[in-house]
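what follows is a protein structure lacking sequence information:
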(Lines give C-alpha, C1' and ligand atoms only; values in the text may rest on other atoms or scores of the structure.)
Protein backbone atom coordinates (compact mmCIF):
# COMPACT_ATOMS: atom_id res chain seq x y z
CA UNK A 1 0.00 0.00 0.00
CA UNK A 2 1.42 3.36 -0.98
CA UNK A 3 1.46 5.90 1.80
CA UNK A 4 -0.34 9.18 1.19
CA UNK A 5 1.28 12.45 2.06
CA UNK A 6 -0.44 12.82 5.42
CA UNK A 7 -0.11 9.21 6.51
CA UNK A 8 1.98 8.57 9.60
CA UNK A 9 4.82 6.11 9.04
CA UNK A 10 5.03 2.70 10.57
CA UNK A 11 6.95 2.87 13.79
CA UNK A 12 10.63 2.32 14.14
CA UNK A 13 10.36 -0.38 16.77
CA UNK A 14 13.76 -0.69 18.36
CA UNK A 15 14.76 -4.15 19.52
CA UNK A 16 13.39 -4.37 23.04
CA UNK A 17 15.67 -5.11 25.94
CA UNK A 18 14.19 -8.32 27.29
CA UNK A 19 16.10 -10.98 29.10
CA UNK A 20 16.23 -14.26 27.21
CA UNK A 21 16.57 -17.52 29.08
CA UNK A 22 19.69 -19.61 29.39
CA UNK A 23 18.94 -21.09 25.97
CA UNK A 24 18.85 -17.59 24.45
CA UNK A 25 15.12 -17.81 23.67
CA UNK A 26 12.34 -15.52 24.84
CA UNK A 27 9.52 -17.35 26.60
CA UNK A 28 6.03 -16.74 25.19
CA UNK A 29 2.77 -17.87 26.78
CA UNK A 30 -0.36 -17.86 24.63
CA UNK A 31 -3.53 -18.02 26.75
CA UNK A 32 -6.39 -19.79 24.97
CA UNK A 33 -9.99 -19.22 26.02
CA UNK A 34 -13.30 -21.03 25.68
CA UNK A 35 -15.41 -20.41 22.56
CA UNK A 36 -12.69 -18.16 21.19
CA UNK A 37 -11.14 -17.71 17.79
CA UNK A 38 -8.39 -20.28 17.41
CA UNK A 39 -6.57 -18.16 14.83
CA UNK A 40 -5.76 -15.55 17.49
CA UNK A 41 -3.76 -18.24 19.28
CA UNK A 42 -2.46 -20.22 16.31
CA UNK A 43 -1.20 -17.22 14.32
CA UNK A 44 1.04 -15.98 17.17
CA UNK A 45 2.30 -19.51 17.82
CA UNK A 46 3.28 -20.03 14.18
CA UNK A 47 4.79 -16.57 13.70
CA UNK A 48 6.92 -16.75 16.84
CA UNK A 49 7.98 -20.28 15.93
CA UNK A 50 8.96 -19.13 12.42
CA UNK A 51 11.02 -16.09 13.43
CA UNK A 52 14.65 -16.81 12.62
CA UNK A 53 13.76 -20.29 11.35
CA UNK A 54 11.74 -20.50 8.12
CA UNK A 55 13.55 -17.79 6.16
CA UNK A 56 16.91 -19.25 7.16
CA UNK A 57 15.80 -22.77 6.20
CA UNK A 58 14.56 -21.60 2.81
CA UNK A 59 17.95 -20.03 2.13
CA UNK A 60 20.02 -22.92 3.42
CA UNK A 61 21.29 -20.92 6.41
CA UNK A 62 21.58 -22.08 10.01
CA UNK A 63 18.27 -21.73 11.82
CA UNK A 64 18.25 -19.22 14.68
CA UNK A 65 15.01 -19.58 16.64
CA UNK A 66 14.21 -16.58 18.81
CA UNK A 67 11.22 -17.72 20.89
CA UNK A 68 9.83 -20.76 22.65
CA UNK A 69 6.06 -20.86 22.86
CA UNK A 70 3.63 -22.64 25.15
CA UNK A 71 -0.14 -22.57 25.35
CA UNK A 72 -2.09 -22.34 28.59
CA UNK A 73 -5.77 -22.44 29.45
CA UNK A 74 -7.23 -21.17 32.69
CA UNK A 75 -7.50 -24.65 34.23
CA UNK A 76 -5.20 -26.65 31.94
CA UNK A 77 -8.12 -28.47 30.31
CA UNK A 78 -8.99 -28.73 26.63
CA UNK A 79 -10.62 -25.59 25.22
CA UNK A 80 -13.41 -25.65 22.68
CA UNK A 81 -12.85 -22.93 20.10
CA UNK A 82 -15.38 -21.35 17.77
CA UNK A 83 -16.78 -23.92 15.38
CA UNK A 84 -15.82 -27.55 15.92
CA UNK A 85 -12.14 -27.04 16.73
CA UNK A 86 -10.72 -28.02 20.12
CA UNK A 87 -7.34 -26.93 21.48
CA UNK A 88 -5.31 -28.87 24.03
CA UNK A 89 -3.07 -26.55 26.10
CA UNK A 90 0.34 -27.38 27.45
CA UNK A 91 -0.63 -26.36 30.99
CA UNK A 92 -2.80 -24.20 33.23
CA UNK A 93 -1.97 -20.55 33.73
CA UNK A 94 -1.03 -21.14 37.36
CA UNK A 95 1.54 -23.72 36.27
CA UNK A 96 3.62 -20.96 34.64
CA UNK A 97 6.78 -20.25 36.62
CA UNK A 98 8.46 -17.91 34.14
CA UNK A 99 7.38 -16.06 31.02
CA UNK A 100 8.62 -12.99 29.17
CA UNK A 101 5.62 -12.35 26.94
CA UNK A 102 1.93 -13.17 27.44
CA UNK A 103 -0.64 -13.07 24.65
CA UNK A 104 -4.32 -13.38 25.55
CA UNK A 105 -6.17 -14.83 22.57
CA UNK A 106 -9.69 -13.70 21.69
CA UNK A 107 -12.51 -15.39 23.60
CA UNK A 108 -16.09 -15.51 22.35
CA UNK A 109 -18.15 -12.35 22.06
CA UNK A 110 -19.70 -12.87 25.51
CA UNK A 111 -16.32 -12.13 27.08
CA UNK A 112 -17.84 -9.75 29.63
CA UNK A 113 -20.03 -12.57 30.90
CA UNK A 114 -16.89 -14.66 31.37
CA UNK A 115 -15.27 -11.83 33.32
CA UNK A 116 -18.34 -11.57 35.54
CA UNK A 117 -17.71 -15.18 36.57
CA UNK A 118 -14.59 -14.03 38.46
CA UNK A 119 -12.13 -15.71 36.16
CA UNK A 120 -8.68 -16.24 37.72
CA UNK A 121 -7.15 -14.83 34.53
CA UNK A 122 -7.64 -11.26 35.75
CA UNK A 123 -5.53 -11.46 38.96
CA UNK A 124 -3.05 -13.66 37.07
CA UNK A 125 -2.48 -10.88 34.54
CA UNK A 126 -2.00 -8.36 37.37
CA UNK A 127 0.62 -10.64 38.93
CA UNK A 128 2.64 -10.98 35.74
CA UNK A 129 2.34 -7.29 34.98
CA UNK A 130 3.84 -6.60 38.41
CA UNK A 131 6.64 -9.04 37.59
CA UNK A 132 7.52 -7.11 34.45
CA UNK A 133 6.13 -9.38 31.73
CA UNK A 134 5.08 -7.93 28.40
CA UNK A 135 1.34 -8.50 28.00
CA UNK A 136 -0.71 -8.41 24.80
CA UNK A 137 -4.40 -8.82 24.13
CA UNK A 138 -5.87 -9.88 20.79
CA UNK A 139 -9.26 -8.56 19.66
CA UNK A 140 -11.87 -9.08 22.41
CA UNK A 141 -9.20 -10.59 24.66
CA UNK A 142 -8.19 -7.00 25.43
CA UNK A 143 -11.15 -6.92 27.85
CA UNK A 144 -9.25 -9.11 30.31
CA UNK A 145 -6.36 -6.62 30.30
CA UNK A 146 -8.78 -3.75 30.86
CA UNK A 147 -10.58 -5.62 33.66
CA UNK A 148 -7.29 -6.23 35.43
CA UNK A 149 -6.59 -2.49 35.52
CA UNK A 150 -3.27 -2.70 33.69
CA UNK A 151 -4.72 -0.63 30.82
CA UNK A 152 -5.84 2.27 33.02
CA UNK A 153 -4.40 5.49 31.58
CA UNK A 154 -2.89 3.62 28.64
CA UNK A 155 -3.56 3.50 24.92
CA UNK A 156 -5.47 0.46 23.74
CA UNK A 157 -7.46 -0.88 20.84
CA UNK A 158 -9.92 -3.70 20.25
CA UNK A 159 -12.42 -4.83 17.64
CA UNK A 160 -14.49 -1.89 16.41
CA UNK A 161 -17.71 -3.85 17.02
CA UNK A 162 -17.25 -3.86 20.81
CA UNK A 163 -15.49 -0.50 21.09
CA UNK A 164 -18.45 1.43 22.50
CA UNK A 165 -19.20 -1.27 25.08
CA UNK A 166 -15.59 -1.28 26.25
CA UNK A 167 -15.46 2.52 26.40
CA UNK A 168 -18.43 2.55 28.74
CA UNK A 169 -17.16 -0.27 30.94
CA UNK A 170 -13.52 0.88 31.04
CA UNK A 171 -13.54 4.70 30.90
CA UNK A 172 -10.02 4.99 32.34
CA UNK A 173 -8.53 3.38 29.21
CA UNK A 174 -7.40 5.65 26.37
CA UNK A 175 -9.25 3.78 23.62
CA UNK A 176 -7.84 4.31 20.13
CA UNK A 177 -9.93 1.79 18.24
CA UNK A 178 -8.99 3.13 14.83
CA UNK A 179 -5.65 1.41 15.40
CA UNK A 180 -4.83 -2.16 14.45
CA UNK A 181 -2.03 -2.31 17.04
CA UNK A 182 -1.27 -0.16 20.06
CA UNK A 183 1.71 -0.11 22.38
CA UNK A 184 1.94 1.68 25.70
CA UNK A 185 4.72 0.69 28.05
CA UNK A 186 4.80 -3.10 28.25
CA UNK A 187 1.16 -3.49 27.13
CA UNK A 188 0.07 -4.26 23.56
CA UNK A 189 -3.37 -4.60 22.00
CA UNK A 190 -4.71 -5.52 18.57
CA UNK A 191 -8.00 -4.90 16.81
CA UNK A 192 -9.91 -7.56 14.88
CA UNK A 193 -9.34 -11.31 14.83
CA UNK A 194 -6.71 -11.36 12.10
CA UNK A 195 -4.97 -8.33 13.57
CA UNK A 196 -3.34 -10.95 15.80
CA UNK A 197 -1.02 -11.49 12.82
CA UNK A 198 -0.10 -7.79 12.85
CA UNK A 199 0.38 -7.93 16.61
CA UNK A 200 2.65 -10.96 16.39
CA UNK A 201 4.87 -9.48 13.68
CA UNK A 202 4.93 -6.20 15.59
CA UNK A 203 6.29 -8.05 18.62
CA UNK A 204 8.81 -9.99 16.53
CA UNK A 205 10.09 -6.69 15.21
CA UNK A 206 10.21 -5.18 18.67
CA UNK A 207 12.16 -8.03 20.23
CA UNK A 208 14.23 -9.25 17.28
CA UNK A 209 14.60 -6.21 15.03
CA UNK A 210 13.22 -5.11 11.70
CA UNK A 211 15.18 -7.47 9.48
CA UNK A 212 14.10 -10.64 11.30
CA UNK A 213 10.46 -9.49 11.27
CA UNK A 214 10.55 -8.67 7.56
CA UNK A 215 12.19 -11.98 6.73
CA UNK A 216 9.55 -13.79 8.78
CA UNK A 217 6.79 -11.91 6.93
CA UNK A 218 8.30 -12.72 3.55
CA UNK A 219 8.79 -16.39 4.39
CA UNK A 220 5.16 -16.73 5.49
CA UNK A 221 3.85 -14.48 2.67
CA UNK A 222 2.45 -11.96 5.13
CA UNK A 223 2.39 -8.19 5.03
CA UNK A 224 4.25 -6.26 7.68
CA UNK A 225 2.09 -4.96 10.54
CA UNK A 226 -0.70 -2.58 9.72
CA UNK A 227 -1.10 0.13 12.29
CA UNK A 228 -4.60 1.48 11.79
CA UNK A 229 -7.91 -0.20 11.15
CA UNK A 230 -8.35 2.43 8.43
CA UNK A 231 -5.27 0.97 6.73
CA UNK A 232 -2.63 3.39 7.97
CA UNK A 233 0.15 3.00 10.51
CA UNK A 234 0.76 3.69 14.18
CA UNK A 235 3.95 5.35 15.35
CA UNK A 236 5.59 4.49 18.64
CA UNK A 237 8.88 6.32 18.59
CA UNK A 238 9.33 7.33 22.18
CA UNK A 239 9.66 5.55 25.47
CA UNK A 240 6.54 5.49 27.65
CA UNK A 241 5.82 8.81 29.37
CA UNK A 242 2.93 10.65 31.00
CA UNK A 243 3.48 14.17 29.64
CA UNK A 244 0.14 14.76 27.92
CA UNK A 245 1.22 17.96 26.18
CA UNK A 246 4.21 16.20 24.65
CA UNK A 247 1.94 13.37 23.56
CA UNK A 248 -0.18 15.96 21.76
CA UNK A 249 2.91 17.31 20.06
CA UNK A 250 3.97 13.79 19.04
CA UNK A 251 0.56 13.06 17.53
CA UNK A 252 0.69 16.30 15.56
CA UNK A 253 4.19 15.54 14.27
CA UNK A 254 3.17 12.03 13.27
CA UNK A 255 0.42 13.45 11.07
CA UNK A 256 2.45 16.37 9.66
CA UNK A 257 6.00 14.99 9.58
CA UNK A 258 6.32 15.90 5.88
CA UNK A 259 5.70 19.61 6.52
CA UNK A 260 8.04 22.34 7.67
CA UNK A 261 7.23 22.80 11.33
CA UNK A 262 9.06 25.32 13.48
CA UNK A 263 9.81 24.78 17.16
CA UNK A 264 8.05 28.05 17.94
CA UNK A 265 4.81 26.99 16.25
CA UNK A 266 4.89 23.54 17.79
CA UNK A 267 5.54 24.92 21.28
CA UNK A 268 2.75 27.46 20.82
CA UNK A 269 0.37 24.70 19.74
CA UNK A 270 0.75 22.97 23.13
CA UNK A 271 0.92 26.18 25.16
CA UNK A 272 4.62 26.31 26.05
CA UNK A 273 7.61 28.50 25.47
CA UNK A 274 10.17 27.11 22.99
CA UNK A 275 12.93 26.43 25.54
CA UNK A 276 10.60 24.72 27.99
CA UNK A 277 9.06 22.71 25.13
CA UNK A 278 12.44 21.42 23.92
CA UNK A 279 13.44 20.47 27.46
CA UNK A 280 10.20 18.62 28.17
CA UNK A 281 10.11 16.96 24.74
CA UNK A 282 13.59 15.52 25.21
CA UNK A 283 12.86 14.44 28.78
CA UNK A 284 9.69 12.63 27.66
CA UNK A 285 10.77 11.08 24.37
CA UNK A 286 14.55 10.84 24.65
CA UNK A 287 14.96 12.94 21.49
CA UNK A 288 15.01 16.62 20.62
CA UNK A 289 12.16 17.57 18.23
CA UNK A 290 14.41 17.82 15.16
CA UNK A 291 15.80 14.30 15.65
CA UNK A 292 12.30 12.99 16.30
CA UNK A 293 11.07 14.40 12.98
CA UNK A 294 14.06 12.91 11.16
CA UNK A 295 13.26 9.50 12.65
CA UNK A 296 9.64 9.83 11.55
CA UNK A 297 10.72 10.69 8.02
CA UNK A 298 13.22 7.86 7.76
CA UNK A 299 10.57 5.43 9.02
CA UNK A 300 8.16 6.73 6.37
CA UNK A 301 10.83 6.35 3.68
CA UNK A 302 11.50 2.77 4.77
CA UNK A 303 7.83 1.91 4.38
CA UNK A 304 7.66 3.45 0.92
CA UNK A 305 10.79 1.61 -0.16
CA UNK A 306 9.56 -1.69 1.28
CA UNK A 307 6.44 -1.35 -0.84
CA UNK A 308 8.50 -0.97 -3.98
CA UNK A 309 8.76 2.78 -4.62
CA UNK A 310 11.33 2.94 -7.39
CA UNK A 311 12.16 6.64 -7.58
CA UNK A 312 14.33 7.79 -4.68
CA UNK A 313 13.63 11.43 -5.50
CA UNK A 314 9.89 10.79 -5.17
CA UNK A 315 10.39 9.11 -1.80
CA UNK A 316 12.53 12.01 -0.65
CA UNK A 317 9.90 14.56 -1.69
CA UNK A 318 7.02 12.64 -0.12
CA UNK A 319 8.65 12.67 3.31
CA UNK A 320 9.54 16.35 3.17
CA UNK A 321 13.10 16.53 1.73
CA UNK A 322 13.67 18.21 -1.63
CA UNK A 323 17.45 17.84 -1.24
CA UNK A 324 17.96 14.21 -2.28
CA UNK A 325 21.62 14.29 -1.24
CA UNK A 326 20.68 15.24 2.31
CA UNK A 327 18.02 12.51 2.33
CA UNK A 328 20.49 9.86 1.14
CA UNK A 329 23.00 10.78 3.84
CA UNK A 330 20.35 10.90 6.57
CA UNK A 331 18.88 7.56 5.51
CA UNK A 332 22.27 5.87 5.45
CA UNK A 333 23.14 7.29 8.87
CA UNK A 334 19.94 5.79 10.30
CA UNK A 335 19.97 2.43 8.51
CA UNK A 336 23.54 1.78 7.38
CA UNK A 337 22.31 1.50 3.78
CA UNK A 338 21.51 3.86 0.93
CA UNK A 339 17.80 4.12 0.00
CA UNK A 340 18.47 2.06 -3.13
CA UNK A 341 20.26 -0.66 -1.18
CA UNK A 342 17.45 -0.77 1.36
CA UNK A 343 14.79 -1.05 -1.35
CA UNK A 344 16.67 -3.86 -3.10
CA UNK A 345 17.05 -5.76 0.15
CA UNK A 346 13.65 -5.28 1.73
CA UNK A 347 11.15 -4.52 -1.04
CA UNK A 348 8.26 -6.55 0.30
CA UNK A 349 6.85 -9.45 -1.71
CA UNK A 350 8.93 -8.43 -4.73
CA UNK A 351 10.67 -11.78 -4.94
CA UNK A 352 9.85 -14.74 -7.13
CA UNK A 353 9.32 -18.25 -5.81
CA UNK A 354 12.74 -19.11 -7.15
CA UNK A 355 14.38 -16.60 -4.82
CA UNK A 356 12.93 -18.34 -1.79
CA UNK A 357 13.98 -21.68 -3.23
CA UNK A 358 17.50 -20.59 -4.07
CA UNK A 359 18.93 -22.05 -0.89
CA UNK A 360 16.87 -25.23 -0.65
CA UNK A 361 14.64 -27.34 -2.87
CA UNK A 362 11.37 -28.72 -1.60
CA UNK A 363 10.21 -32.16 -2.67
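Sure, I can see it. Keep in mind that what you see is a predicted model, and the values were worked out from it rather than measured.

okay, now residue 151: neighbour count?
28 (other CB atoms under 10 Å). In this view, the C-beta of every residue, glycine as well, is placed from N, C-alpha and C.

right, and it touches residue 173 too?
Yes - assessed by CB atoms under 8 Å, residue 151 is found in contact with residue 173 at 4.6 Å.

okay, now the unreliable bits of the stretch 251-363 of the chain?
For the stretch 251-363 of the chain, applying pLDDT under 70 flags the ranges 309-310, 346-363.

mind listing the helices in it by residue range?
In the stretch 251-363 of the chain, the helices defined using DSSP state H, counting those that start in this stretch lie at 263-269, 274-285, 289-306, 312-318, 324-335, 339-346, 353-356.

deepest-packed of the ones you listed, please.
helix 289-306 (a mean of 22; mean count of other CB atoms under 10 Å).

quick check: angle from that one to helix 339-346?
Orientation check (axes from the mean of the first three to the mean of the last three CA atoms, to 10 degrees): helix 289-306 against helix 339-346 gives 50 degrees.

angle of helix 289-306 against helix 274-285?
What separates the directions of helix 289-306 and helix 274-285 is an angle of 50 degrees, with the same axes, to 10 degrees.

SS state for the closest residue to residue 108 other than its chain neighbours?
Nearest non-adjacent residue to residue 108, counting by CB to CB, 6 or more residues apart in numbering: residue 35, 3.4 Å away. Judged by DSSP: H, G, I helix; E, B strand; the rest coil, the three-state class of residue 35 is coil.

could you report the neighbour count for the residue nearest to residue 174 when sequence neighbours are not counted?
Distance criterion CB to CB, 6+ apart; nearest residue to residue 174, sequence neighbours excluded, is residue 155 at 4.9 Å. A count of nearby residues for residue 155, using other CB under 10 Å, gives 21.

ok, so what distance separates residue 155 from residue 24?
Residue 155 is 31 Å from residue 24, where distance means CB to CB, to the nearest Å.

how about the contacts made by residue 288?
By CB atoms under 8 Å, 6 or more residues apart in numbering, the residues touching residue 288 are 278, 281, 282.

sorry, back to before: got a list of what the residue nearest to residue 108 touches?
80, 81, 82, 107, 108, 110.

the third one is in contact with residue 34, isn't it?
Yep, that's residue 82 we're talking about. No - in this structure, residue 82 is not within contact of residue 34 by CB under 8 Å, at 9.9 Å.

identify the contacts common to these two.
What both residue 82 and residue 34 touch, as defined by CB under 8 Å, 6+ apart, is the set residue 108.

one step back: from the contacts of residue 288, which is closest to residue 332?
Nearest to residue 332 among the contacts of residue 288 is residue 282, at 24.6 Å by CB to CB.

how close does that closest one get to residue 249?
Residue 282 is 12 Å from residue 249, by CB to CB.

just residue 344 next, same as before
The separation that residue 344 has from residue 249, given CB to CB, amounts to 36 Å.

next one: residue 29
Distance, residue 29 to residue 249, by CB to CB: 37 Å.

where in the stretch 1-150 of the chain is pLDDT low?
In the stretch 1-150 of the chain (pLDDT under 70), the answer is 1-22, 116-118.

now the closest residue in space to residue 162 that isn't next to it in sequence: how far from residue 166?
Once flanking residues are discounted, residue 162 sits nearest to residue 140: 6.0 Å by CB to CB, 6+ apart. Separation of residue 140 from residue 166 (CB to CB): 9 Å.

between the two, who's got more neighbours?
Regarding residue 140 and residue 166, a neighbour count based on other CB under 10 Å identifies residue 140 as having more, with 29 against 23.

that one contacts residue 110, correct?
No - the criterion here is CB under 8 Å, and residue 140 misses it with residue 110 at 9.3 Å.

what's the distance between the residue nearest the centre of the chain and residue 173?
Of all residues in the chain, the one closest to the mean position by CA atoms, centre = their mean is residue 202, 3.2 Å from it. For residue 202, the distance to residue 173 equals 19 Å [CB to CB].

ok, residue 199 next?
For residue 199 relative to residue 173 (CB to CB), the value is 17 Å.

could you do residue 101 as well?
21 Å.

ditto for residue 333
Taking CB to CB, one finds residue 333 at 38 Å from residue 173.

likewise residue 148?
11 Å.

do the same with residue 44
Distance from residue 44 to residue 173, by CB to CB: 22 Å.

quick one, which of the two is more surrounded?
Legend: neighbour count by other CB under 10 Å for residue 44 and residue 173, higher for residue 44 (28 against 24).
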